[in-house]
Each structure stands twice: as structure tokens, then as C-alpha cells.
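Engineer: Just need the structure, nothing else, for what follows:
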Amino acid sequence: GVNALADSQQEFTGRNILYLKHRPEEAAKQFNRDLPQIGAALARASQKLIEKRQQRKGPHRDEKVLTAWNGLMIKALAKGSVVLQDSQLLDAARHAAVFLRTTLYNPRSQTLYRRFCQGEGGIMGQLDDYAFLVAGLLELYQMTQDPQWLQWAMALTETQIDLFWDEQGDGFFDSLPDPLVVVRLKNDYDGAEPAANSLAAANLVRLGRLTDNSQWLDLAGRTIRSFDEQLHQNPQALPVLLAARQELLSAPSLVVVAGRRDAEDTKKILGIVQRSWCPGRFLLLADGGENQEVLGKMLPFVRTASMEDNQAIAYFCRDYTCQLPVVDPEELAEMLAREIGS
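Structural biologist: Prediction:
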């Protein structure tokens, strides 16, 4: 990775720096050898370099596992599995979620640890650990319709509110209370990582809609309004929070699919909805099993969703008002495309 010929700071003066001066074709011509001979010579030289390097002490490697970063990765893997049609990505998202729940979660206190290193979890989780992981679990739930991820996201959100909510100024503190810390801060910039409050607000909007929880929707609105000054003066600094605000102000959109989980017609309809992305749209599977039972307790109309003539069907609902069920996958795809274009 070193460009030895462009040493403007004179860092390499008097040092031996290996670099590629000539292409293999040029070397073959210079030394009157054919390309296979040059390739073999380079391979032998590379092997000698590797053996010599392995005798030296290697650089330190950061091997800690962070809850927050894994939450973002779970979200990306789950979404990417549908976009790229790669089931291995979804398996990786599930594996990461199971690992976090097994090693970095205390089920008795329903709290998270921040990092896993050298075989143990430690350091109490901060706001970004909760917000980022909940965002990942919601995406994982959308792609798997496995209610355990939705239920865990709900439990973590309750804990997040208890630990970090600012009763005086609204929004969430980034850190836990600490007698040694005079001021608890709230990051207001969506950079390489989104601000924890931005994702916390987005999660509350989604969970509030998904569980018909008006209190969570109220907290989402109060969180967004607590950053009004930054949103008005420098809106480009908080795109994730702006997206959460837009979703909160929009009518909720739901697609309820009634069908057997492993049936091919159900999978086909689910795939159409998952690949037809629309901000704020939720996909719910009325599978006649645990997922429908969990959803039905929060959204009564999901409890009554059922197949038609033993076929999987889809109900498209806007602002909790559902249209007539759709059986034809192509008709559903056209309906969803119209929503995106509207």
C-alpha cells in the first residue's frame, strides 16, 4: 500500500521499501525470461517474505465485538439478503442477533452490555447500543417474520426509555447517569454513524405503528421536536431524524399476508413485498401460528386475516384501512408500485 516514489514527507529516506517498479511483462523482457518463469520467481519471493514476516511480532488487532455496530450490521445484512437474493446474509444476521442475545444481554434486568472481548461481556450499554440493535432487530423481523425479534426489540425499547429518557428536555441522553459526569450529552449529527437519538426516534415511530402504542409515537414526536433548532438551522446534519419525522407525519402503510409460512405461494407474495421498498411500509405475516397470535394482541384486525380458498392472499392497508384482499402476485406488485409513485 506504500507509494515509495511519492514520499513528500521524506518518511522513507534511507529505508528499503519494496514496490512494483515494472509489470511482469516488462520484467520478462528485461531478464529474457518468459511470463511463467517471472510468475514463479515472484511466488517464491513472496513465500520467503511471508515466512520472514511471521517470525516478527504481529501488530495488535482489535477483537472486541460492539453491540451498537453489530446492530447496524444486522440491519444491513437483513435488508441486503432480500436486495441481493442471498440467504446467507440473512443467516449471518440471525447468527449475530443470537450471539448478542446470548453474550451481551441480561434477560433478568433486560439490559445490554456494550462489548464482548476475550470471552466475556462488559461495560453497561449506552443509548446507541439499544437504538442501533433495535433498528437491526426490526429489519430482521421484517425479513423473517419471526416474532422473537419483534418481542426483543420491544423489551429493549422499554429499557431504553427507562434508562435514557430526558424528562426535562425530551429526547434521550447518549449515556447512562454517572455521578462523575456533570453533563449528559445528546449527539445531533448523523455522520458515518447515525446519531443515537435519530435511530431511537425512527424505532419509536415504527414500533409505535406496529404495536399501536400511542405513548411510543408521542415519545418519537417529542424526541424529534427536541432537535428542532438543529433541524431548522442545519437540516442536512440529521437526515435520519428527518426521515423519522417524515414517517411520523405520513399515514401508516401495511401489507398483511395471510398464508402458511412455508408454502410457495406465501413465499412468493412475501418476496414481492420485501423487494418493493417504500419508506414506512410494514410487512406482517398472518401465518395462523405464533406470529399472527403476537400481532393480533396489538393489532386486532391482523387476528382475523385468513387465506382465501386455501391460497395465500395479501391485504394492503393505508392508515389501518384495508382494501379488498389480493391473490394475484402481479396485481399486488402493481398496487405497491403505485404507492411508491404516489
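
Engineer: Could you use CA atoms for every contact and neighbour count after this?
Structural biologist: Noted.

Engineer: Can you list the low-confidence ranges for the stretch 51-200 of the chain?
Structural biologist: For the stretch 51-200 of the chain, not a single residue meets the criterion pLDDT under 70.

Engineer: where along the chain do the helices fall?
Structural biologist: Ranges of helices in the chain, per DSSP state H, are 24-30, 35-53, 67-83, 87-103, 127-144, 147-164, 196-211, 214-225, 228-233, 239-249, 264-275, 290-298, 300-303, 329-341.

Engineer: okay if I get those as CSV plus distance to V182?
Structural biologist: What follows is these, written out as CSV (distance: least, C-alpha to C-alpha, whole Å):
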stretch, distance to V182
helix 24-30, 63
helix 35-53, 48
helix 67-83, 24
helix 87-103, 31
helix 127-144, 18
helix 147-164, 15
helix 196-211, 20
helix 214-225, 22
helix 228-233, 23
helix 239-249, 27
helix 264-275, 46
helix 290-298, 40
helix 300-303, 46
helix 329-341, 47
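
Engineer: Present these as JSON lines; the columns should include mean neighbour count and distance to K186.
Structural biologist: Converted to JSON lines, the helices of the chain look like this (neighbours: other C-alpha atoms under 10 Å; distance: least, C-alpha to C-alpha, whole Å):
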{"stretch": "helix 24-30", "mean neighbour count": "14", "distance to K186": "55"}
{"stretch": "helix 35-53", "mean neighbour count": "12", "distance to K186": "46"}
{"stretch": "helix 67-83", "mean neighbour count": "21", "distance to K186": "16"}
{"stretch": "helix 87-103", "mean neighbour count": "17", "distance to K186": "25"}
{"stretch": "helix 127-144", "mean neighbour count": "25", "distance to K186": "10"}
{"stretch": "helix 147-164", "mean neighbour count": "18", "distance to K186": "10"}
{"stretch": "helix 196-211", "mean neighbour count": "25", "distance to K186": "7"}
{"stretch": "helix 214-225", "mean neighbour count": "19", "distance to K186": "11"}
{"stretch": "helix 228-233", "mean neighbour count": "12", "distance to K186": "12"}
{"stretch": "helix 239-249", "mean neighbour count": "19", "distance to K186": "13"}
{"stretch": "helix 264-275", "mean neighbour count": "18", "distance to K186": "34"}
{"stretch": "helix 290-298", "mean neighbour count": "17", "distance to K186": "32"}
{"stretch": "helix 300-303", "mean neighbour count": "16", "distance to K186": "37"}
{"stretch": "helix 329-341", "mean neighbour count": "13", "distance to K186": "34"}
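
Engineer: Check the gap between L18 and A45 for me.
Structural biologist: Counting by C-alpha to C-alpha, to the nearest Å, the separation of L18 from A45 is 12 Å.

Engineer: And R281, by the same measure?
Structural biologist: 57 Å.

Engineer: Over to G221?
Structural biologist: 63 Å.

Engineer: ditto for L72
Structural biologist: 41 Å.

Engineer: Same question for A201.
Structural biologist: Here the distance between A201 and A45 works out to 56 Å (C-alpha to C-alpha).

Engineer: just R33 next, same as before
Structural biologist: 16 Å.

Engineer: go on, L238?
Structural biologist: L238 sits 51 Å away from A45, going by C-alpha to C-alpha.

Engineer: can you check Y105 too?
Structural biologist: Relative to A45, Y105 is positioned 49 Å away (C-alpha to C-alpha).
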